[in-house]
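**Student:** output the structure for:
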Amino acid sequence: MHNEFPAFSGRHVLAELEGIDPASLDDSGLLTEALRSALARAGATVHEVVTHRFTPHGVTVLALLSESHASVHTYPEHGSMFADVFTCGDRADPELAVRVLADTLAAPRTKMSTVERGWAAPPTEPVGAGLSRRWAVSEVLLHEHTGFQDLLIGRTAQGVSLFCDGERQSTEATQLTYHEALMVPGMLLAEQLRRVLIIGSSEGVASQLAAAESGEVDHVDIDRVAVRSCAEYLPYGYSPEELAAAERGQGPIRVHYRDGWDFVANSEGGYDLVVIDLPDENAEEQAQHNRLYGEDFLRRCAGLLAPGGVVTSQAGCPTVWRNETLISAWHRFRNVFPTVVYYGSDEHEWAFLSGRVEPMADPVAAMTARLDKAHYRPETLDATALRGNSTPPLRVRASGPPRPGA
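**Tutor:** Numbers count the residues shown, from 1 in each chain. So this is what the prediction gives:
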């Protein structure tokens with residue numbers, strides 16, 4: 001069976017059929033033949049069928065399939081029945097099986113829901129308490145458990161998209177908006193850009209933006225499989241050839257497959273910009289990347305800075321229903337850096353923080369003044385955007401210090 005269906009995926013259809021003749025719903029022979037025929041029409045292979053008739057009425061029919069199973073359970077007194085069809089792989093069509101069954105029994109009303117299961121399940125991204133965003137993936141290009149995370153790269157309406165542990169990290173349509181909001185403010189806040197350290201950001205776009213402005217980029221990522229998969233499948237970021245050169249240390253970008261915490265602990269420093277770009281801070285304490293969001297790690301990164309250097313981090317979402325991590329990050333940055341600059345993307349849902357050890361009276365003015373002199377020309381932000389998007393939401397500015405341990 002596993003050789004026939006190597007991918008851990010399938011579709012599970014749950015249906016309610018109503019308005020059926022009660023006599024049909026109490027006829028075990030008719031129901032057995034109807035289910036067998038519907039499954040055969042749908043491309044499923046039936047191995048065995050078990051039927052049980054209840055007293056005074058009602059029937060359950062269960063079919064064992066090569067693809068998994070199917071069943072019906074009837075309520076003649078209500079003219080209704082439940083149907084359940086689950087098929088692994090894509091050889092059989094469980095929705096077609098239910099439609100054929102409904103036609104055979106002349107059911108005038110059918111309610112049907114389909115759940116994608118296993119690795120084919122569409123990514124469902126949490127966006128707040130009780131809220132989620134479900135992504136329709138038309139083609140899975142890669143789905144792999146890397147040893148660190150569940151990695152999915154597939155085609156969506158937003159182009160080729162990257163998902164880690166079920167959460168969207170970037171899409172072809174919006175990745176530049178995200179990466180410029182992440183990189184450009186910190187690049188402009190830094191006094192100079194000779195050396196840049198990037199932690200995370202598997203796609204490689206952040207490294208490319210930094211390399212366009214600086215002489216040397218160290219890219220640290222713990223997940224070798226994720227970085228190489230991004231280079232192979234994403235139409236943005238590293239090409240396979242560019243990544244191979246960076247792995248060899250040839251060119252302005254050097255890739256290090258190491259834990260970010262350990263790399264920072266053993267680095268000699270001297271960086272003009274340190275960028276932390278990881279999956280969103282997780283409420284689950286065991287999430288290994290959470291320690292790279294803590295104040296201790298932030299201070300360690302600050303200790304690597306050359307004079308005039310900057311630490312930049314993805315800081316969460318400013319929306320009121322998902323702003324807890326942003327509020328925590330805001331207080332951590334203010335605890336560590338005398339100068340903190342907020343940038344909330346006007347076209348994306350994420351916010352970013354940049355900190356500098358030296359006090360600055362008007363850091364945003366200094367950033368806008370440097371924009372015209374920069375080598376890299378951003379496509380998604382300008383001086384007006386820098387000024388307009390540099391004020392955190394009132395709820396963030398007015399928030400008290402985070403609870404102990406936050």
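
**Student:** which one in the chain is furthest away from the centre?
**Tutor:** residue 56 (51.5 Å; C-alpha atoms, centre = their mean).

**Student:** so that one: helix, strand or coil?
**Tutor:** Using DSSP: H, G, I helix; E, B strand; the rest coil as the criterion, the local structure at residue 56 reads coil.

**Student:** and the pLDDT at the nearest residue to residue 16 once chain neighbours are set aside?
**Tutor:** Computed as C-beta to C-beta, 6 or more residues apart in numbering, the closest residue to residue 16 that is not its neighbour in sequence is residue 111, at 4.7 Å. C-betas here are computed from N, CA, C, even on glycine. Each residue has a pLDDT score; the one for residue 111 is 94.

**Student:** show me where the stretch 251-400 of the chain has helices.
**Tutor:** Assignment of helices within the stretch 251-400 of the chain using DSSP state H, counting those that start in this stretch yields the ranges 260-266, 295-302, 324-336, 363-371, 383-388, 394-397.

**Student:** nearest to residue 216, out of those?
**Tutor:** Relative to residue 216, the nearest member of the helices of the stretch 251-400 of the chain by C-beta to C-beta is helix 260-266, separated by 15.0 Å.

**Student:** which residues outside that closest one are in contact with it?
**Tutor:** 199-200, 220-222, 256, 276, 291-292, 297, 300-301, 304 (C-beta atoms under 8 Å, 6 or more residues apart in numbering).

**Student:** quick check: buried residues in that helix?
**Tutor:** For helix 260-266, burial by neighbour count (16 or more other C-beta atoms under 10 Å) applies to 260-261, 263-264.

**Student:** what of stretch 230-240?
**Tutor:** Using 16+ other C-beta under 10 Å as the test for burial, stretch 230-240 gives 230-231, 234, 236-238.

**Student:** for those residues, which two are the farthest from each other?
**Tutor:** Taking C-beta to C-beta, no two of those sit farther apart than 231 and 236, at 10.3 Å.

**Student:** what's the neighbour count on residue 336?
**Tutor:** 17 (other C-beta atoms under 10 Å).

**Student:** can you get me a residue count around the closest residue to it other than its chain neighbours?
**Tutor:** Take residue 336 and drop its neighbours on the chain: the residue closest to it by C-beta to C-beta, 6+ apart is residue 298, 5.1 Å away. Burial measure for residue 298: 23 neighbouring residues, criterion other C-beta under 10 Å.

**Student:** touching, residue 298 and residue 334? I think so.
**Tutor:** No - here residue 298 lies out of contact with residue 334, judged by C-beta atoms under 8 Å, at a distance of 10.7 Å.

**Student:** what about residue 85, distance to residue 183?
**Tutor:** When distances are taken as C-beta to C-beta, to the nearest Å, residue 85 and residue 183 turn out to be 49 Å apart.

**Student:** tell me where the stretch 1-150 of the chain has helices.
**Tutor:** 22-25, 28-41, 94-104.

**Student:** what are the buried residues along the last one?
**Tutor:** Neighbour-count burial for helix 94-104 flags 94, 96-102, 104 (criterion: 16+ other C-beta under 10 Å).
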